[in-house]
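Novice: have a look; sequence and predicted model below, questions after that.
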Amino acid sequence: MNNKTGASKRKKDIVLGRIKDLREWEKLTQAEFAESIEVSPNTISRIEREEMSLSSDIALKIADRHGISLDWLFGRGEEMLSPERQARAKEALSCIQERELAEKEPSGVIKLSKRNHSDAKK
C-alpha cells in the first residue's frame, strides 16, 4: 500500500469511527440515528461496517442535525461542536455562572446595604 492509499484509508477509518462515536455518545441506536438524518438504518450499518462510503449529503445532514463540525467529522480538527453550537454552549455556561453568582449575592447585597445605611446615620 502506498503512502497516499494508506493516508486515505486512515482518514476513512477516522470518519467512520467518528460517526459511530457520535451515535454512541448521543446514546442512539443505528435506527434512531438513521431516522434523525432521514436515511435507512441499513445505510448507517453499512457505513459503520465500511461497506459504504459516506456521501457529502449524509455528512452535511449529520453535521446540521447533530450540531457537529465537518472538520471534526472528517478528522481535520478536534473541536467536535459546530461554531454555532459552541456559541450556544458558551452562552448557556455564562447564564449558569450568572445565576449562581446571583444566588450568592443577595445576602451580601443586604449586608452591604445595611452597612451603608448605618454609616449614613453616623
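Specialist: Good, I have the coordinates.
Novice: just name whatever secondary elements the helix or strand in which Asp64 is found is in contact with.
Specialist: If you go by DSSP states H and E, Asp64 is part of helix 56-66. Packing partners of helix 56-66 (3 or more Cβ pairs under 8 Å, 6 or more residues apart in numbering; DSSP states H and E): helix 3-25, helix 70-73. Bear in mind the C-beta positions are built from the backbone N, C-alpha and C, glycine included.
Novice: following element in sequence after the first one, please.
Specialist: Think helix 3-25. By DSSP H and E, the next helix or strand past helix 3-25 is helix 30-36.
Novice: contacts for that next one, please.
Specialist: Arg23, Glu26, Leu28, Ser40, Pro41, Thr43, Ile44, Ser45, Glu48, Arg65, His66 (Cβ atoms under 8 Å, 6 or more residues apart in numbering).
Novice: now which of those would you call buried?
Specialist: For these, a neighbour count by 16 or more other Cβ atoms under 10 Å gives the buried set as Arg23, Leu28, Thr43, Ile44, Glu48, His66.
Novice: quick check: chain neighbours aside, which residue is closest to the third one?
Specialist: Read that as Thr43. Nearest residue to Thr43, sequence neighbours excluded (Cβ to Cβ, 6 or more residues apart in numbering): Ala34, at 6.2 Å.
Novice: what of the fifth one?
Specialist: The shortest distance from Glu48 to any residue that is not its chain neighbour, by Cβ to Cβ, 6+ apart, is 5.1 Å, and that residue is Lys20.
Novice: residues near that neighbour, how many?
Specialist: 15 (other Cβ atoms under 10 Å).
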